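> Got a predicted model here, sequence first, then my questions.
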Amino acid sequence: MWKFTIRRMLIVIPQIILLSVLVFVLAKMMPGDALTGQLDPDASQESIDNIREKLGWNDPWYQQYGNWVVDLSKGDLGQSFTYKMPVTELIGQRLKNTVWLSLFSVILIYVISVPLGIISGRYNDSILDHAITGYTYLGFATPLFIFALVMLWVFGYHFGWFPTSGSVAPGMEPGSLEYVMSRFKHLLLPSISLALIGVVGTVQYLRSEIIDTKQKDFITTARAKGASESRVYNRHILRNSLLPIAAFFGYEVVNLISGTIFVEMIYGYPGMGQLFLEVIQLRDYSVVTSLVLLYGIAAVVGTLLSDITLSIVDPRIRIK
Amino acid sequence: MKSNKFYKLLVAMLLVLTLALVACGSDDEGDAEGTDDTSKSEENGEDDGEDTEEPVDKGEEILSQFQYDPSNTGEPIEGGHLTFGLVDDDPFEGTLNFNFYSGAPDAEVLNWFDESLLSVDGDFLYDQEGAATWEHDDSGKVFTLTIRDEVNWHDGEPVTAEDWEFAHEVIGHEDYTGPRFDETLRNVEGIEEYNKGEADDISGIEVIDDKTLEITYKEATPSLLAGGIWSYALPKHIFGDMEVADMDSSDEVRKNPIGIGPYKVETIVPGESVTYTKNEDYWRGEPALDEVTLKVIATSSVSQAISTGEVDIVNDFPADQYPDNEDLSNVEFLAAYDNYFSYLGFKLGEWDFDEGHVVENRDTPLQDKALRQAMAMAIDGDIIGEQFYHGLRWEANSIIDPGHRLYHDPTWEGYEYDPDAAIALLEEAGYERGDDDFFTDLDGNEMSFNFIAQAGGEVAEPLAELQIQMWEAIGVNVELYNDKLYQFNDFYDRVGNGDEEDDPNVDIFGGAWSTGSDVDPSGLYGKNVRFNFARWDNEESQDLLQAALSEEAFDLDFRKEAYKDWHDLMVEEVPVFPLNFGLEIVPVNKRVVGYSLDPDSDLFRYDIGVTEEEPQVD
Amino acid sequence: MAKEVVETTEQNEDSNISPSGLRVFWIEILRDKLALGSLIFFVLVTLTVFIGSALLDLDEITKIDPLSRFLPPSSEHILGTDTGGREIFGQLIYGTRNSLVIGILVTAMSGTIGVLVGLVSGYFGGHTDNVLMRVLDFFLILPFLMIVIIFVSLVPKYTITSFSLIMTAFLWMGIARLVRSKALQERELDYVNASKTLGTSNITIMFSHVFPNITSIIIVNMTLSLASNIGIESGLSFLGFGFPESTPSLGTLLSYATNPTTLEKRWWVWAPAAILILLLMLSVRNVGEALKRAADAQQRRGT
């Protein structure tokens, strides 16, 4: 158990180092830099060259990478050129929003998918099951962004029930109840959109898992012993099928990453995904690299978490 | 973006960018429901280019359909609260000080709580209505600037001459990385020496007393009076002990910014919204509103936000959404000339990094000005304006835009759309058609050009393709460079603002400039400016632009004549040619008063008020 | 966008069927009316768009007509026109063809790489396996969408081929994992050891013995990947990193829906593309599910 966990964690370190090199080199290879878009005919070439020199953009990439890593080890992600603020602070603001969005979406996914999956699995081939299967069937093929756009249009614009952009209404006192409620309101529609499409996989998995387990020997035995139907489900089947689902939490978060980019863009929700789309066009390298690295680390940690919990839940995995 | 006086305050921001900024072409998407009726392209096809009709000013005709001022002329109520929509798909950057900011959205945030010390009139010339007054000596080089006694910072400290001097010292400092240390500021005597560390202070700036500053400039030009003075002070009592390098990321710039404007910043949600409260101590008098909320509205949400009264005004309204919203019952659409022109240009040379000037050395058929002239005639700017911008843009006749009323002249002749004349011109110049029906170059080789265009908005691509089609129609083969549109930074990296050579494969480029207060275009077409993307080197042009900035040019007629000659030269040589002028349109809720887009209005930002508690709703 | 279909198939049990098992696939499809209908639909659409795009003139379709922008469907414009006055119908034909080509290319290329890596890794095991799996792990943690966007900003010329190559680079891992685990099991079987002692070369064993035994699982997996790969370009186009409009694609048509007026009042611009993507993905998936059932059943009977 510990051996598995430690080995798993050791693999992570070279992965992250490699990722940082890759990301850094790629970002530097992009044509143009943050200054090419600054068009002030009065600005003298001399001062622009000075800035390039001062910021070290003219150094060879490995030297820049070296400096970057040294700063990184001090917890300094550098300075955003466009936002004129430390990247840590900039991302900090956005990170908060994205974390809330993902967390809330994951919760919604569980809240929606577990009951649906159980109903569908337990009463398979019923009308309800057909309805749920139909939903997952369509949900599989519906592009998230079209779905989110339609949701925004219907519930944001047409009915006006939800705010259509931002993360919080202006002028609220941070920490006040009003503030929290406003944040929640801004969060609701984007995460519902994410969740309604996101549940598909889990529902399908749970359904087939339950149907499979139903036919297993130990269930038949339990039934033969006269256990009540609900006892069979609660004690035997669900425990077996739900544990892995709980352990998928980390994977679920990882899968949400690209989804949040779309949703943040559509709902004008100032998270990391929206920031990424913006800085990549502005060529704000320090932010681009930090963001990709951060997303990469999130993926690594999420996967690691799930791997480890899964290995606890299901020892077979360790043996593999 | 601007409304006058109001306009003037805002223009102050543009002063800085004397002729600045951004390819907007792509930001303002415009499109209209396809209408089958209008098109003049066909009728014009016949004549030979000479225009016998009475010249009509298309811009004026279009502008006359709108008002500058809201119809509401009621008295503003006490304790009003207004919401201002900043239309932007991205959050604002939040560098909230005029001495450091770079993005236009930040300027919108700034304008509510800070302002230029000097104000300008409808012709972008300094007047005496601002927080400071000015006079200059006979040489036109020495300016005495006097800050009014009642002008205070939001924290109650008076604005002093030292604060003004301090702003110069910070921007001129070698550690300063903002975009403001430009040619205008370099005109201050001694600032270059100070910048290089050769002098401890700027020799040209002298503090006479608490409220009086004297600045000596190296050269006297008409431009000095049109935005040539750095007019934003920096509170020394706040920034005085800070390292210059740390200033732009300090909390005093990002979280608790102060200024001298009519409203004070109350709260900031970074990138999303700002709330302001009234500055009772504002030097002009008490502002009409108690509170102002500014929030970022995505382009796709604008029409929703104005129709529900979620916002009362927006800074800029996307032209493509205008047709669906012009009949809203709760808002009024105001308009004024946008300080803007779009253009197409030809790459004729490259930038010499060592010498710092353009070299017109490209071996390209485009060196033949007959070809360039024909290509300019091939483009129909009006159909683009009518169909893609719902008639809110029209064909530009010159580089000098209609916002600069003193110099713009609608009777100046540019290139009318005339494909037949274009073909005739090419044939006359000796071009012959090859097997594929495209013209070959003068040696009979196949001739084709790469056109680089900028991405952004859904009309960008069809417009680029349309222009290519228009060239194809006169038999000139143009291809979209690499079959794609280029994102902003990538585009300018290739066109000529990168840290390396211009992309040698780019032959034609399309862009747009928004123009600043000073009409002088030498920042875009001079020999030693990077933004001369055409890399066009013409002595006559240099001389004319010089003349228009000389001391003689303080005489308006002389200056105007110089620009007329320069215009004629541009039409003859066509290194670039203007494509469209446009209107900016601003929807205003019907409860808003004291707002104006009129360049000559007497209204200032603090006059903006509301006549009802709640916004009207459609 | 790219949905993880791959995951679901991994839960399958083993399957050892010989190529003759392909017939079982066919029988299963014939028996399953939905799958059969889907297959027919898919083939019909494919034929229509390939023949259609051969007949239609691309220059004509992408020609801008400023006077007929956003026209609703009529007898003159069957499906109306877009922002440049271009026919939606023609773009739909070309766009579907491009999306199909991309889907098939990406599936085929990522399948090939995945099978090769998986086979080598699983068959040889040991250090080879270790190294390859660490590489695979690395690719798995890359934030797919972001890395792809960076790549897209890098390539000078953005074509169907370059796009497919970029996608492939980050989509081969699922199938590689699957094939590896199967190959690991296969190599323990007697016939492999027997061949080895007979002196058959590793390559021969891998490709003529091990590979045929796992083809069915590969086919199932690739069919299901195809379903998601068809829609893969649309997400990027939507974010503004897709093909230029001169290369019509379903994603471009869909991305017009970001304009609220288009979303609400000009349904003809984006809705046909949305429906078509949906139907194509579903039909491929229906076929894939049928194949999966066949493979499962075969395996159950076989062992």
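Here it is on my side, so go on. Residues are numbered from 1 along each chain as shown, chains lettered A, B, ... in the order given.
> where exactly do the strands run in the stretch 1-150 of chain B?
B:80-87, B:132-136, B:142-147 (DSSP state E, counting those that start in this stretch).
> so which of those gets nearest chain A?
strand B:80-87 (8.2 Å; C-beta to the nearest C-beta). C-beta here means a position set from N, CA and C on the backbone, and glycine is covered the same way.
> Each with direction, which strands does that closest one pair with?
strand B:289-297 (parallel), strand B:313-314 (parallel) (DSSP bridges).
> Next to chain A, which bits of the stretch 501-618 of chain B? Give me the list.
The stretch 501-618 of chain B comes close to chain A at residues B:523-524, B:529-531, as judged by C-beta under 8 Å from any C-beta of the partner chain.
> Now with 10 Å, please.
Within the stretch 501-618 of chain B, the residues that sit near chain A (C-beta under 10 Å from any C-beta of the partner chain) are B:503, B:511, B:513-514, B:516, B:518, B:520-526, B:528-532.
> elements contacting the helix or strand A:Ser230 falls within?
Using DSSP states H and E, A:Ser230 falls within helix A:229-231. Packing contacts for helix A:229-231, counted by 3 or more C-beta pairs under 10 Å, 6 or more residues apart in numbering or on different chains; DSSP states H and E, involve helix A:217-224.
> in chain A, which residue is closest to the centre?
Closest residue to the average C-alpha location of chain A: A:Ile257 at 3.0 Å, with C-alpha atoms, centre = their mean.
> Grab the most central residue of chain C for me.
By C-alpha atoms, centre = their mean, the most central residue of chain C is C:Leu226, 2.5 Å off.
> hang on, the earlier thing: let me see the contact set for the residue nearest to the centre of chain A.
Going by C-beta atoms under 10 Å, 6 or more residues apart in numbering or on different chains, A:Ile257 touches A:98, A:102, A:272-273, A:295-296, A:298-299, A:302, C:143-146.
> One more: B:Tyr263?
B:Tyr263 neighbours (C-beta under 10 Å, 6+ apart): B:111-114, B:154, B:274-279, B:282, B:287, B:289-292, B:294, B:605-606.
> now the residue nearest to the centre of chain A: how far from A:Gly273?
Computed as C-beta to C-beta, to the nearest Å, the A:Ile257 to A:Gly273 distance reads 8 Å.
> Identify the contacts common to those two.
With C-beta under 10 Å, 6+ apart, A:Ile257 and A:Gly273 have common neighbours A:98, A:295, C:145-146.
> Closest one to B:Glu206 out of these, please.
Nearest to B:Glu206 among the shared contacts of A:Ile257 and A:Gly273 is A:Thr98, at 52.5 Å by C-beta to C-beta.
> Is the closest one in contact with A:Gly259, as I believe?
No - using C-beta atoms under 10 Å, A:Thr98 makes no contact with A:Gly259, being 11.1 Å away.
> joint contacts of the two?
Common neighbours of A:Thr98 and A:Gly259 (C-beta under 10 Å, 6+ apart) are A:Gly273.
> Now the residue nearest to the centre of chain C: which helix or strand?
helix C:211-230.
> Which elements pack onto that helix?
Packed against helix C:211-230 by the contact rule (3+ C-beta pairs under 10 Å, 6+ apart) you find helix A:127-141, helix C:6-10, helix C:21-31, helix C:88-124, helix C:160-169, helix C:173-187, helix C:267-302.
> got a markdown table for these, with mean pLDDT too?
Listed next are the helices and strands packed on helix C:211-230 as a markdown table, based on pLDDT from 0 to 100:
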| stretch | mean pLDDT |
| --- | --- |
| helix A:127-141 | 90 |
| helix C:6-10 | 38 |
| helix C:21-31 | 81 |
| helix C:88-124 | 92 |
| helix C:160-169 | 90 |
| helix C:173-187 | 88 |
| helix C:267-302 | 85 |
